[in-house]
Each structure stands twice: as structure tokens, then as C-alpha cells.
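>>> okay, predicted coordinates and the sequence, questions at the end:
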Amino acid sequence: MSGSVCKNLDMFSRLCGDKAAKRVRLVTTMWDKVKDEKLAENRVSQLETNFWKPLIDAGACHKKFEGNSSKCAWEIIQDLMGSGEALLLQEELVDAERNLNETTAGKALYMQFQKLLHKQKETIKQLQEEAKAQRDPELVRQLEAEKRCLEAELRKTSIINQSINQ
């Protein structure tokens, strides 16, 4: 799985928390297109023991959406009925009266923004150094344009970061 998918799963896990994880269903699709059942089951096993492991350990479970039928969809939904555990984010915001930046998910998001800000600053610094070292005026112009774009992105990221911390 790509880095962004792993980050999304991590953030999802932080939003739900362990208590609400038992209401999470990790649903795989396209089982009607599987040619090698053993290979498909091995792939699911990899997902369950690697990428999905924290969620599964907390109570989430895997379901197959087989046959692309409404019957299968309703079975998955009915499996969730009756459980009313609050999400960790809900508990932190409502019950504990925390600000978003004080929640588990907010802290994780803040750390991701800090890394992004640092990376953008480093890239801008590198572009400045490259522009100074170039003798080709067209290349210098392109590097300066790229630097301005990154600086605009940096300003946007900073604004988002500030709004999370208010």
C-alpha cells in the first residue's frame, strides 16, 4: 500500500479509537472477478496481518462484498446494527471538551502539517540555492516561479495549521 493509504488508515484509526473500532468493517470488493481464490485469500491475509492489524486488533473485522448484491450489502450493514459506541474524536471533543488540536487525531494531523511545512521550507531553500548557482536565465526564471508556487502553498499550509491550533 502507498504511504498516503497507510497515513489515511492511521488517521482513521485515531478518529475512531479502540472502543468504536468494533463498528468498523473493512470491506473488500470484486470477489466475483477473482480468478485465483487462494491468491485473493492470501492478499486479504496480508491486509489483515499488516495494514489492517491495528484496527482488527481493536475489534474491526473484514467482510467480503460478494456478488455485488444488495443482499450482501444489507448483511454487512445489519452486522453493525445496535452498536452505539462513540468515536474517540466525539468523546474528546464533546465529553472531554477538548479543542480539535488537543485530540488524538488533531495532534496527529498537527504533526503531519509540521512535517509538510518543514519539507516545503527545505524545498524552497534548495530552489533558492539552485537558482543562484544557475547561469541560464530561463532556468533561473523557472526555478523562481516554482519557488513562488511553493511559497504560496507554504502560506496555505500555515493558515490551515493555525486554524487547527485555535
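Ah, there it is.

>>> and Thr29, how far from Lys53?
21 Å (Cβ to Cβ, to the nearest Å). C-beta coordinates here come from the backbone N, C-alpha and C atoms, glycine included.

>>> also Gly59?
12 Å.

>>> immediately after the one helix or strand Met111 maps to, which helix or strand?
Assessed by DSSP states H and E, Met111 sits inside helix 104-133. Downstream of helix 104-133, the first helix or strand assigned by DSSP H and E is helix 137-164.

>>> quick check: angle from that following helix to helix 104-133?
When axes from the mean of the first three to the mean of the last three Cα atoms, to 10 degrees is applied, the directions of helix 137-164 and helix 104-133 differ by 160 degrees.

>>> could you give the mean pLDDT of helix 137-164?
Across helix 137-164, the average pLDDT comes to 76.

>>> also stretch 22-29?
87.

>>> can I get that stretch in PDB, CA atoms only?
C-alpha atoms of stretch 22-29 as PDB (Å, rounded to 0.1, in the frame of the first residue of the first chain):
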ATOM      1  CA  LYS A  22     -15.700  -2.900  16.700                       C
ATOM      2  CA  ARG A  23     -18.200  -0.900  14.500                       C
ATOM      3  CA  VAL A  24     -15.600  -0.800  11.600                       C
ATOM      4  CA  ARG A  25     -16.000  -3.100   8.700                       C
ATOM      5  CA  LEU A  26     -13.100  -3.400   6.300                       C
ATOM      6  CA  VAL A  27     -14.900  -4.500   3.100                       C
ATOM      7  CA  THR A  28     -13.300  -6.000   0.100                       C
ATOM      8  CA  THR A  29     -15.000  -5.900  -3.300                       C
END
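
>>> so for stretch 26-45, what gets flagged as buried?
Leu26, Ala40, Val44 (16 or more other Cβ atoms under 10 Å).

>>> endpoints of it, how far apart?
The first and last residues of stretch 26-45 sit 12 Å apart, counting by Cα to Cα, to the nearest Å.

>>> now swap in stretch 78-95 and tell me
Stretch 78-95 end-to-end distance (Cα to Cα) = 28 Å.

>>> how far does that stretch sit from its chain's centre?
Averaged C-alpha coordinates place stretch 78-95 at 20 Å from its chain's average position (Cα atoms, centre = their mean, to the nearest Å).

>>> ok, back up a step: between the buried residues of stretch 26-45, which is nearest Gln126?
Of all those, Gln126 sits closest to Leu26, with 39.8 Å by Cβ to Cβ.
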